[in-house]
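Enquirer: 3D, please:
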Amino acid sequence: TLADQWIVQKYNETVQSVTSNLDKFELGEAASSVYDFIWNTYCDWYIELAKPRLYNDGNERDRRTVQYLLVTILRHMLELLHPFMPFVTEHIWQHLPHEGD
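Expert: Predicted structure coming up:
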């Protein structure tokens with residue numbers, strides 16, 4: 001869907017911004033980019049856009065797609081956050097389902 005394409009594009013833009021800022025040792029800007037993506041893009045918009053698709057019994061494939069994207073983006077966000085919050089991100093990572101579980 002457009003929402004799925006949008007969140008992937010926004011995530012990729014955030015990765016580029018964070019990487020660039022970390023390369024320049026601009027830690028505050030890098031952290032701000034991650035924070036902005038998590039709260040203003042992922043939480044405020046994408047999760048809200050995903051809710052109707054998660055609770056729609058009519059389209060199993062669409063529900064699985066949005067579940068996959070929600071978890072995948074969350075995992076990647078934890079990787080981006082790890083340099084700033086290693087203990088918190090590790091704790092959350094330990095509680096996520098992984099392949100083979």
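Enquirer: Give me the pLDDT for the residue nearest the centre of the chain.
Expert: Ranked by distance to the mean C-alpha position of the chain (C-alpha atoms, centre = their mean), the top residue is residue 73 at 3.1 Å. Per-residue confidence (pLDDT) for residue 73: 94.
Enquirer: For residue 98, give me phi and psi.
Expert: phi -120, psi 160 (degrees, to the nearest 10).
Enquirer: My error: substitute residue 37 in the last question.
Expert: Backbone torsions of residue 37, given as degrees, to the nearest 10, read phi -60, psi -50.
Enquirer: in which helix or strand would I find the residue nearest to it when sequence neighbours are not counted?
Expert: In this structure, residue 37 finds its nearest non-sequential neighbour in residue 14, 4.2 Å apart by C-beta to C-beta, 6 or more residues apart in numbering. The way it works is simple: take the backbone N, C-alpha and C, and place the C-beta from them, glycine included. Assigning secondary structure by DSSP states H and E places residue 14 in helix 2-23.
Enquirer: who touches that helix?
Expert: Residues outside helix 2-23 that contact it (C-beta atoms under 8 Å, 6 or more residues apart in numbering) are 27, 29-30, 33-34, 36-37, 41-42, 45-46, 49-50, 65-66, 69, 73, 76-77, 80, 83.
Enquirer: again with stretch 33-44
Expert: Stretch 33-44 has contacts (C-beta under 8 Å, 6+ apart) with 7, 10-11, 14, 17-18, 21, 73-74, 77, 80-81, 84.
Enquirer: List buried residues within these.
Expert: 7, 10-11, 14, 17-18, 21, 73, 77, 80-81 (16 or more other C-beta atoms under 10 Å).
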